[in-house]
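Q: no sequence on this one, just coordinates:
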């Protein structure tokens, strides 16, 4: 037989694209359309329904950036269409086929009932099946003219990312609004041909099945009457039936499909638009559930459910019905799909607490798995946190984006820093927006790393990022691929069912230990520094407010614990930990609003703490310590005067001036407090840091060296920092002034000022305080650079085999060498409040109050010594998607801590991030809890969420070793239980000697519920 593959393939493609697809709608009649443009922000349906509309013609430009235009559509189904399937088809002037980043619309009945959304790949609204003929059709359509921020593939900055800079020129031209007949036979033929053609092209050239499909398609196309596609479609379909009916191989891979619509809670659109996106997508999903009994949709992010509940009650009712019918599966159990690296440990716990509680309360469902398909890496505490929240499995696919190394597993046990393991799956289809194309099915099988050990994988299907969700075409593809020779088998099922089958099939799956580091998007540890600082401040202010509110509730008669306010504020912070807000990868509008929200949160939390402290009664001035460690340090009183105070952990003390071990002396540019001696060079760097206790020089080279690098990644400007950034830089060594600004027995400080770059300025105050080896560097930057990153380097005379960086409820060690490509790929990493390096007998920590990105490297000097350098990433200047990212003022503090153990790093990390609070007059209550035992660290103190009055305390082991201790209470203790994160009892705690006995394994998290006597 002659090879006619090329002819057949080209013939099938042309007939499909130009004749079959164009015949899906057999006849159309236009709607009469009128329009009204809402002024400013979106308006409720009732206001739009009462507005005055003007005639609107097809082909008319509409929609300024971020605008809302309402269209009133009226039409009538022709009598002769009786018995046919009739739909409305609306084309707003869509650009491309991605539904998330352009025009979208929600179609309503005149009574305000949302029917369905329209987007590029889902333009229809069902009218009647079958029609009786003569039906009157009237809609009110809310159309959003969201700009295409992704135009030109992020190749240049755009002002469209904020309504303040986007202008008002219409973005779209309305193409069509019709009532149409859907020719079901032609529609099904279109899908038959697509599925077979795509399968054919994925099979090998020597595979007999490929040629069988090709010749079947060729013969079928002979039956297609080009003058009567509709009339000939049934015979063409019949001819294709044999090749569509051949069953899959017995050993074929099984793809468990579940409907999905990844909706970024903010990204290339603001939060207000996400609220509308959820209504549009969820309307489509519930409509699809009505049409397909075998459809199952998985949906995470309790926050988005709450938006729909509060703003679209009719859509909410449809969701509840779909959940009851088993077609809608709440998953993930988190408030939002948060970033996987930057949120603090307690915040990650609250993500699960608030998310799982929402699903239990509103659906009676406890989710079993973690659903984070798109976050930018995952911290090594996740397995334990997830398990403590009642989860059994973990899903993501993002690690497939690695720039260098291919992750070796798709199904495996993930082991966290404490030893907890959770069953984990990465879909080998490498997308959370699958549509069951032939290429995707082939990719899933080709990629699957567990061949020979297991035979199934998961594929979330549906259009996403900006919503959209599954379509009927995707469901039809799934049906055709359920049992088709040459393809993986598709079964639509709940994720819980997939994970149960996968675990049963593969109980001895391999183990991955430690973090799931994404070898990409490393700049998300630094971009939009003010957003990150707002998160860090909010997390610590929430801790402070809860502790002192609990103290007041226990000791202040009449004080009411602010349950509702704290709940609301936590949810605001959790929302802004979404994986495109906190990482700094959203448009300007999102970050402008985030900064304002953080300011409001801070103001309200400070007020709550002040109210709690005031409720504790009258007395002399007192100092309050929210840290879980005793403190002896210098603070400033309300009039600015420094005092040396000693305050117990989580407690308070009179504001009296204690005697420090030794005063601070200032001699020229030298600061000395008897513990450390710091010399500041003429260029403003630290020329020497001498640890007087250890009798050794800390620095191998000048410290606090500010290096300005050119920073233009290959792609994804706000997300990425590529290794070549290191190759071009300028050291900031020209100080305009180096001045002693404070000379006091308790404080010595030198200020360094620099001008650099494009009118940028940095002022740093280097401070040494009595009684502390910590050297603070208070930093004030007026930043006006573009495509740059500023790093602060501390080259330390230590041979450190690894660095230790704080993460959630513990720390992680990373090698300082680059023996393998895996280590080399970690040239930029994340940490929370501290990074520690050490050699036997000596260590140094770098502490910070708001930064996350850093790098650690090691070199050997000519004298044979080793220099280990810690560099903090201070601020970046990407231009896409926010062209003004990070411009303007930044204020933060970082510190060098010589002679630091890991315990010191933990304590000083808390101290820098939880400044002592003073009150002019307050009572002297005992701390709510205190701990006896090294390594047992208190992370949260609060009242139980059920308003029972029980006290909840969360502890963890912070050193990475075993720890034993006793938790003592500042109130009568009647009983204690160990609970899960949702404060549900697991077992009774051991009470001995009037306290709770605590025994922890390395990095173990323990939640105690304490009943008051």
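A: Thanks, I have it. What you see is a predicted model, and the numbers here were worked out from it, not measured in a lab.

Q: I'd like to know how many residues surround the residue lying closest to residue 38 once chain neighbours are set aside.
A: Closest residue to residue 38 apart from its sequence neighbours, by CB to CB, 6 or more residues apart in numbering: residue 68 at 4.3 Å. The way it works is simple: take the backbone N, C-alpha and C, and place the C-beta from them, glycine included. Each residue near residue 68 was counted by other CB atoms under 10 Å, and the total is 23.

Q: how about stretch 95-111: buried residues?
A: Buried residues in stretch 95-111, counted by 16 or more other CB atoms under 10 Å: 98, 99, 100, 101, 102, 103, 104, 105, 106, 107, 108.

Q: all helices of the stretch 451-600 of the chain, in order?
A: 472-480, 495-505, 529-555, 563-575, 588-615 (DSSP state H, counting those that start in this stretch).

Q: Figure out which of those is closest to residue 739.
A: For these, proximity to residue 739 was assessed by CB to CB; helix 529-555 is nearest, at 26.1 Å.

Q: what's the pLDDT at residue 925?
A: Residue 925 carries a pLDDT score of 88 in this model.

Q: Count the residues that sit near it.
A: Counted with other CB under 10 Å, residue 925 comes out at 19.

Q: and if you look at the one 10 residues further on?
A: Residues within reach of residue 935, counting by other CB under 10 Å, total 21.

Q: Residue 957 is in contact with that one, correct?
A: Yes - at 5.2 Å, residue 935 and residue 957 qualify as touching, with contact defined as CB atoms under 8 Å.

Q: Against residue 300, how distant is the spatially most central residue of the chain?
A: Compute the mean C-alpha point of the chain, and by CA atoms, centre = their mean the closest residue is residue 579, 2.0 Å away. Per CB to CB, to the nearest Å, residue 579 is found 12 Å from residue 300.

Q: got any residues that touch both of these two?
A: The overlap between the contact sets of residue 579 and residue 300 (CB atoms under 8 Å, 6 or more residues apart in numbering) consists of residue 337.

Q: so which strand or helix has the residue nearest to residue 38?
A: strand 67-76 (DSSP states H and E).

Q: cool, and residue 967?
A: Per DSSP H and E: residue 967 is located in strand 963-969.

Q: so how far is that strand off the chain centroid?
A: Distance of strand 963-969 from its chain centroid, counting by CA atoms, centre = their mean, to the nearest Å, is 35 Å.

Q: Let me know the angle separating the helix or strand just after it from strand 963-969.
A: As assigned by DSSP H and E, the chain's next helix or strand after strand 963-969 is strand 973-979. On the basis of axes from the mean of the first three to the mean of the last three CA atoms, to 10 degrees, strand 973-979 is oriented at 140 degrees to strand 963-969.

Q: chain center to strand 973-979: distance?
A: So, by CA atoms, centre = their mean, the centroid of strand 973-979 is 34 Å from its chain's centroid.

Q: That strand - contacts with which helices or strands?
A: Contacts defined by 3 or more CB pairs under 8 Å, 6 or more residues apart in numbering; DSSP states H and E place strand 973-979 against strand 985-988, strand 991-992, strand 995-1000, strand 1005-1012.

Q: what residues are up against residue 483?
A: So residue 483 contacts 247, 248, 489 (CB under 8 Å, 6+ apart).

Q: Which among those count as buried?
A: 248, 489.

Q: could you dump the contacts of residue 483 to CSV with pLDDT and distance to residue 275?
A: As requested, the contacts of residue 483 are exported to CSV (pLDDT from 0 to 100; distance: CB to CB, whole Å):
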residue, pLDDT, distance to residue 275
247, 98, 46
248, 98, 42
489, 98, 38
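
Q: So which of the contacts of residue 483 are in strands?
A: residue 489 (DSSP state E).

Q: if we take the contacts of residue 483, which one ends up nearest to residue 789?
A: For the contacts of residue 483, the nearest to residue 789 is residue 489 (48.2 Å; CB to CB).

Q: Tell me the one of the contacts of residue 483 nearest residue 356?
A: For the contacts of residue 483, the nearest to residue 356 is residue 489 (32.7 Å; CB to CB).

Q: ok, what's across the strand from that closest one?
A: residue 254 (DSSP bridges).

Q: measure it to residue 250 for me?
A: Distance from residue 489 to residue 250, by CB to CB: 10 Å.

Q: is it true that residue 303 touches residue 265?
A: Yes - assessed by CB under 8 Å, residue 303 is found in contact with residue 265 at 6.4 Å.

Q: shared neighbours of the two, which are they?
A: Shared contacts of residue 303 and residue 265 (CB under 8 Å, 6+ apart): 336, 575.

Q: what about the strands in the stretch 851-1000 of the chain?
A: 853-860, 866-876, 888-898, 917-919, 929-932, 936-943, 951-957, 963-969, 973-979, 985-988, 991-992, 995-1000 (DSSP state E, counting those that start in this stretch).

Q: Mind putting those strands into a markdown table with distance to residue 585, mean pLDDT and mean neighbour count?
A: Shown next, in a markdown table, are the strands of the stretch 851-1000 of the chain (distance: least, CB to CB, whole Å; pLDDT from 0 to 100; neighbours: other CB atoms under 10 Å):
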| stretch | distance to residue 585 | mean pLDDT | mean neighbour count |
| --- | --- | --- | --- |
| strand 853-860 | 14 | 98 | 19 |
| strand 866-876 | 12 | 98 | 23 |
| strand 888-898 | 18 | 98 | 20 |
| strand 917-919 | 34 | 92 | 20 |
| strand 929-932 | 39 | 97 | 20 |
| strand 936-943 | 28 | 98 | 23 |
| strand 951-957 | 30 | 98 | 24 |
| strand 963-969 | 38 | 97 | 20 |
| strand 973-979 | 36 | 97 | 17 |
| strand 985-988 | 38 | 97 | 10 |
| strand 991-992 | 48 | 92 | 12 |
| strand 995-1000 | 36 | 97 | 20 |
